[in-house]
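S.K.: have a look at this prediction, sequence included:
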Number of protein chains: 2
Amino acid sequence: MKLGLNLSFAVKRFLEPEKLAHMCRHDFGTDHVQFTWDLIDPWWPEELRDVLAIRYKEAFAEEGVHIDATFGGLASYSYAHLLAPAKEQREAAFLFFKRAIDLTAVMGAKVMGTPVGGMSYDDARCPARREERYKEMLGYVRRLASYGKEKGLEEIHIEATPLITEFPHSPEVSVKMMKDLEGTDIPVKLLVDWGHALYEPLLKEEADIKLWFDTCAPYIGSIHLQQTDGQWDRHWDFTKEGIVTPELIRRTTAGAGLEDVMQYLEVVTIFEDDDDAVYDGMKKTMDYLHRELD
Amino acid sequence: MKLGLNLSFAVKRFLEPEKLAHMCRHDFGTDHVQFTWDLIDPWWPEELRDVLAIRYKEAFAEEGVHIDATFGGLASYSYAHLLAPAKEQREAAFLFFKRAIDLTAVMGAKVMGTPVGGMSYDDARCPARREERYKEMLGYVRRLASYGKEKGLEEIHIEATPLITEFPHSPEVSVKMMKDLEGTDIPVKLLVDWGHALYEPLLKEEADIKLWFDTCAPYIGSIHLQQTDGQWDRHWDFTKEGIVTPELIRRTTAGAGLEDVMQYLEVVTIFEDDDDAVYDGMKKTMDYLHRELD
């Protein structure tokens, strides 16, 4: 399988582009990263935002590390975005994702990826309003694909999440959504996250990575790798005890013919965790994953 | 003591303003709330943002609930803001906080509050650069106080956090920072969060709420209440087992003469937690706190 690295681990810790790029290349042995909007907020005014984006772009290029994609992180995931109950918030989300496409283009990356948002308690429990939110969201994603094409992007990746109030959240809903998005101006693909796919409280017997990979394989554009216990969406590094094993990764990836799809380790740390402990966990994890999976 | 409610519990769940206001007033018995930027991002274009802000303002007014303040939430806390290593990011943060003041004014609230940001690994460990980041941050906060005055705000509240890479993070550093900010155009006060103040891994013997309250009392503008175990910044509701007891709240609040300072319960939930379980925990918690503290 192909091991890449999402930069979430660096948020509020390793913020100097040159040093982060050097760390990714030399300490973690990676040459493919997914940039996170937790490092650069797409909302920042372009004249400030793009200076930073170009600094990251050049620092990573200097180390020979490809920024494959920019991706929504924790900050962005805090909002209801394209599934919000208020029209004004959905419109703001559309502008936000357009700005994320602009950021992606400035960084020279080819993929913009994100979850699409979440419904309110009331909308999620009303079948008619669920359908309305779903349909309108599809329309927004189609327009984002058109805008992405205009800006030179190649794909949009939509992340499946472990919430019944969000789309998509199961193998079946993922396939339906990908089919409903056929024919967009650039392809819209699916991102499967190991920890979301194995989240038992929601998915029950569907918390089965083989089921997810086999069912969704034709649509999967990238994968988030994490250690988890299946009880919460942990985003642990692999120094923690969990249910994701190298054997399972190898077997299910190969079984579904996904060897060429990049799997980005996405570790989300607790803010108050110690910087050195975070680095140490990342170093041990990347060494372990390279040894077991390369 | 005075019990209020921060709206973080509602993020991505209870998003209809009228319903949320009704819930706060009638189910949770509160008439003072702190609005969170996780419900409205200050970055959203004003023509969309302010429509939503006014909808919340009117819905809460209708129920007789005061929106005392707007406050930074999880999304905002993901960024390094005024302590970032890059000048461009600090400038973006200044614009962001100005926009948060605009949002506060539109909602008719009188206080804007937030942590100020976080340093990178490298800056935090270099005494000269720490000092430089600290000094520059003070300058930005002074300018925000001037802007806040212009917009009709009465106070800015700076939240102490449980990270050595942030300012302020201890009773002593909090007092120093408040003294360094004397003479601003509107007062800059301190927000003490129970879970941050009791965070043992950083604070050791200073993880003592009595020490925090007694030391910082003259500067405290508001308080975040949460249940915690002192091992992480939990932001639990009070159905969980923890070290914060009604007796401790009553005794330390009265002991420091802080009975008139509002303590906003700030529960931050796990995204994939069930909406009904979140509501149930909040209802039980608010019933319990009213019974024990009113």
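M.R.: Received, thanks. Numbering: from 1, shown residues only, chains lettered A, B, ... in the order given.
S.K.: what mean pLDDT does stretch A:104-115 get?
M.R.: In this model, stretch A:104-115 has an average pLDDT of 98.
S.K.: same question for stretch A:62-71.
M.R.: Stretch A:62-71 carries an average pLDDT of 98.
S.K.: touching that stretch from outside, list them.
M.R.: Contact with stretch A:62-71 is made by A:4, A:6, A:18, A:21-22, A:24-26, A:30-37, A:56-57, A:60, A:100, A:103-104, A:107-114, A:157, A:159, A:222, A:262, as judged by Cβ atoms under 8 Å, 6 or more residues apart in numbering or on different chains. Placement of C-beta: from N, CA and C, glycine included.
S.K.: generate a PyMOL selection restricted to the buried subset of these.
M.R.: Buried residues among the contacts of stretch A:62-71 (16 or more other Cβ atoms under 10 Å in any protein chain shown), as a PyMOL selection:
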select buried, chain A and resi 4+6+21+22+24+25+30+31+32+33+34+35+36+37+56+57+60+100+103+104+107+109+110+111+112+113+114+157+159+222+262
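S.K.: hang on, isn't residue A:201 packed against residue A:231?
M.R.: Yes. Using Cβ atoms under 8 Å, residue A:201 makes contact with residue A:231 at a distance of 6.9 Å.
S.K.: got a list of what the closest residue to chain B within the stretch 101-250 of chain A touches?
M.R.: Closest approach between the stretch 101-250 of chain A and chain B, counting by Cβ to the nearest Cβ: residue A:120, at 3.9 Å. By Cβ under 8 Å, 6+ apart, the contact list for residue A:120 reads A:80, A:84, A:85, A:165, B:13, B:14, B:15, B:16.
S.K.: could you confirm residue A:35 falls within a strand?
M.R.: Yes. Assessed by DSSP: H, G, I helix; E, B strand; the rest coil, residue A:35 belongs to a strand.
S.K.: partner residues bridging it?
M.R.: residue A:70 (DSSP bridges).
S.K.: please report how far it lies from residue A:160.
M.R.: From residue A:35 across to residue A:160, the span is 20 Å (Cβ to Cβ, to the nearest Å).
S.K.: ok, now residue A:117?
M.R.: Distance, residue A:117 to residue A:160, by Cβ to Cβ: 13 Å.
S.K.: which bits of the stretch 1-150 of chain A sit near chain B?
M.R.: Applying Cβ under 8 Å from any Cβ of the partner chain, one finds that the stretch 1-150 of chain A approaches chain B through A:11-16, A:19, A:38, A:41, A:43-45, A:48-49, A:51-52, A:55, A:73-80, A:84-86, A:88-89, A:91-92, A:95, A:118, A:120-122, A:124.
S.K.: repeat that for the stretch 151-294 of chain A.
M.R.: Residues of the stretch 151-294 of chain A lying near chain B (Cβ under 8 Å from any Cβ): A:161-163, A:165, A:199, A:201-202, A:232-233, A:270-272, A:274-275.
S.K.: now pLDDT too, for those residues, in JSON lines please.
M.R.: Listed next are those as JSON lines, based on pLDDT from 0 to 100:
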{"residue": "A:161", "pLDDT": "98"}
{"residue": "A:162", "pLDDT": "97"}
{"residue": "A:163", "pLDDT": "97"}
{"residue": "A:165", "pLDDT": "97"}
{"residue": "A:199", "pLDDT": "97"}
{"residue": "A:201", "pLDDT": "96"}
{"residue": "A:202", "pLDDT": "96"}
{"residue": "A:232", "pLDDT": "95"}
{"residue": "A:233", "pLDDT": "95"}
{"residue": "A:270", "pLDDT": "95"}
{"residue": "A:271", "pLDDT": "96"}
{"residue": "A:272", "pLDDT": "95"}
{"residue": "A:274", "pLDDT": "95"}
{"residue": "A:275", "pLDDT": "97"}
